[in-house]
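[1] only geometry, no sequence info:
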């Protein structure tokens, strides 16, 4: 600690920049075209927040939140429903796929409320409700 205190801050900054340049995997920039756009967005956003706010912990927290929201958005599209009417005139909806807050709009689109008979059965046995 005593020796490092003698070094000028500008010299330490230069050393840290050279270490960052030397340890960065430059070939990873070529894989951006093959990566999902959401992953690229999260990486760029985390880098931007780190540079602007000088706070890596906050940048990682922002990245985790954005990743969770992207995951929820992508999985919201995966809810499905099989529909049929039995011989008694009861309409059955068999729901499969994950159902959670992000899939409410897609879930509502599966039903024909005005065209449904009086008795409707919604089967969630093949769905994960979160």
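    Done, it's in. Predicted, not measured: the structure shown is a model, and the values here were computed from it. Numbering: from 1, shown residues only.

[2] what about the host helix or strand of residue 57, average pLDDT?
    Taking DSSP states H and E as the criterion, residue 57 maps to helix 56-76. For helix 56-76, mean pLDDT rounds to 88.

[3] which other helices and strands contact it?
    helix 37-53 (3 or more C-beta pairs under 8 Å, 6 or more residues apart in numbering; DSSP states H and E). To be clear about C-beta, it is placed using only N, CA and C from the backbone, and glycine gets the same treatment.

[4] quick check: which helices or strands does the helix it packs on pack against?
    So helix 37-53, by 3+ C-beta pairs under 8 Å, 6+ apart, packs with helix 56-76.

[5] give me the residues contacting the helix it packs on.
    Here helix 56-76 makes contact (C-beta atoms under 8 Å, 6 or more residues apart in numbering) with 38, 41-43, 45-47, 49-50, 53, 98, 100-103, 105-106.

[6] next one: the helix holding residue 57 to chain centre, how far?
    Remark: helix 56-76 is offset 5 Å from the chain centroid, using C-alpha atoms, centre = their mean, to the nearest Å.

[7] show the average pLDDT along the next helix or strand after it.
    Reading on from helix 56-76 to the C-terminus, the next helix or strand found by DSSP H and E is strand 80-85. Averaged across strand 80-85, the pLDDT comes to 91.

[8] next one: stretch 88-102
    Stretch 88-102 comes out with an average pLDDT of 87.

[9] and the end-to-end length of that stretch?
    End-to-end distance for stretch 88-102, by C-alpha to C-alpha, to the nearest Å: 34 Å.

[10] what comes into contact with that stretch?
    72-73, 75-76, 78-86, 103, 107, 110-111, 116-117, 119-130.

[11] now list the buried members of those residues.
    75, 76, 79, 81, 103, 107, 127 (16 or more other C-beta atoms under 10 Å).

[12] just the closest of those residues to residue 8, please.
    residue 75 (51.7 Å; C-beta to C-beta).
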